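Enquirer: 3D, please:
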Amino acid sequence: MSVENKKSLLIEQIVGHTAVISMNNPPANTWTAESLQELKQKVLALNEKKEVYALVITAEGDKFFSAGADLKLFADGDKQNAADMARYFGEAFETLSTFRGVSIAAINGYAMGGGLEVALACDLRICEQQAQMALPEATVGLLPCAGGTQNLTALVGEGWAKRMILCGERITAVKAEQIGLVEEVVEQGNAFNAAMALAENVANQSPSSVKACKQLVQAGRNMPRSQVLPLEREYFVNLFDTEDQAEGVNAFLGKRKAIWKNG
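Expert: From the prediction side, this is the model:
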């Protein structure tokens, strides 16, 4: 395991084939221009590490996953500052959304505004039973500008997205699971371990296949089904250019564990 400087707003570890990024800006793990740019660069760097198959996003502390942006940043009404922060949020979370492997949010506390949006940018979400989630931006004259309106709607449908965004409704972990916002609810203190266990399952899959499958699933959000289905067949054939395809099939036939090369 390698550990970066603990003073960083984002602590990165590599555990086996899983990268872990922990938000570390107490007391509420709010996002800053610095930490958003740092997240973008970390994910881009992880894309180049072939031995990393999964990414877990979590937070230090036990009350807040993240409260989003510090509202003091917008108190003076500076439009240029707002534009800069919106860009930093967008670039960071869109980079996270297109991470080559599987990203999992381990939500271990309150996830509000940009704190929920970072989880929405992940592929999967596990939250602890005490967690609460909201996109309350309209309550303070703002809106979710880091993918919230689109990613939340894709997960829970237009009705619940409107309840949370337009009505400012805060939801519990149980309700989040019921509406499809999170895939699993675990006891307090267990989100990280559950996320890591799920990440270990990812390592059993071909990284080349995972990347292609993820791209196809996400393509379905903005492409007609008639276009995605031919693309699905094209990506299938393209896998035969990879080492992992031959390794996977021959490992199965040989009744042995596949050794992936992510290539």
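Enquirer: what about residue 193, distance to residue 124?
Expert: Applying Cβ to Cβ, to the nearest Å, the value for residue 193 to residue 124 is 15 Å. Bear in mind the C-beta positions are built from the backbone N, C-alpha and C, glycine included.
Enquirer: and for residue 50?
Expert: 22 Å.
Enquirer: look up phi and psi at the residue nearest the centre of the chain.
Expert: The centroid of the chain falls nearest to residue 122 when counting by Cα atoms, centre = their mean (1.8 Å). In terms of degrees, to the nearest 10, the main-chain angles of residue 122 are phi -80, psi 160.
Enquirer: residues touching it, list them.
Expert: By Cβ atoms under 8 Å, 6 or more residues apart in numbering, the contact set of residue 122 is 55, 57, 96-97, 103-105.
Enquirer: quick one: which of the residues you listed sit in strands?
Expert: 55, 57, 103-105 (DSSP state E).
Enquirer: let me have the residues you listed in TSV, extended by distance to residue 234 and neighbour count.
Expert: Formatted as TSV, the ones in strands among the contacts of residue 122 follow (distance: Cβ to Cβ, whole Å; neighbours: other Cβ atoms under 10 Å):
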residue	distance to residue 234	neighbour count
55	27	27
57	31	27
103	25	28
104	28	28
105	31	30
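Enquirer: and the furthest pair within these?
Expert: Farthest-apart pair in these is 55 and 105; separation 9.7 Å (Cβ to Cβ).
Enquirer: which intervals of the protein have sub-threshold pLDDT?
Expert: 1-7, 263 (pLDDT under 70).
Enquirer: where exactly do the helices run in it?
Expert: Remark: helices assigned in the chain by DSSP state H are 33-47, 79-97, 114-120, 148-166, 173-179, 191-202, 207-219, 225-238, 243-253.
Enquirer: residue 54 versus the closest residue to residue 28 other than its chain neighbours, what's the distance?
Expert: Excluding its sequence neighbours, the residue lying closest to residue 28 (Cβ to Cβ, 6 or more residues apart in numbering) is residue 67, at 3.8 Å. Separation of residue 67 from residue 54 (Cβ to Cβ): 26 Å.
Enquirer: ok, the two, which is more surrounded?
Expert: Neighbour count, other Cβ atoms under 10 Å: between residue 67 and residue 54, residue 54 has more, with 29 against 22.
Enquirer: contacting residues for the more buried one?
Expert: Here residue 54 is in contact with 17-19, 101-104, 198-199, 202-203 (Cβ under 8 Å, 6+ apart).
Enquirer: just the residues you listed now: which is nearest residue 84?
Expert: Taking the contacts of residue 54 together and measuring to residue 84 by Cβ to Cβ, the closest member is residue 103, at 24.9 Å.
Enquirer: before we move on, the earlier item: in a markdown table, list the contacts of residue 54 along with distance to residue 90.
Expert: As requested, the contacts of residue 54 are exported to a markdown table (distance: Cβ to Cβ, whole Å):
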| residue | distance to residue 90 |
| --- | --- |
| 17 | 29 |
| 18 | 26 |
| 19 | 22 |
| 101 | 21 |
| 102 | 22 |
| 103 | 17 |
| 104 | 21 |
| 198 | 27 |
| 199 | 26 |
| 202 | 26 |
| 203 | 30 |
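Enquirer: residue 241: which of those is nearest?
Expert: Looking across the contacts of residue 54 and measuring by Cβ to Cβ, the closest to residue 241 is residue 101, at 19.2 Å.
Enquirer: surely that closest one is in contact with residue 202?
Expert: Yes: assessed by Cβ atoms under 8 Å, residue 101 is found in contact with residue 202 at 6.8 Å.
Enquirer: so what sits against both of the two?
Expert: 53-54, 210.
Enquirer: quick check, nearest of those residues to residue 170?
Expert: Of all the shared contacts of residue 101 and residue 202, residue 170 sits closest to residue 54, with 29.4 Å by Cβ to Cβ.
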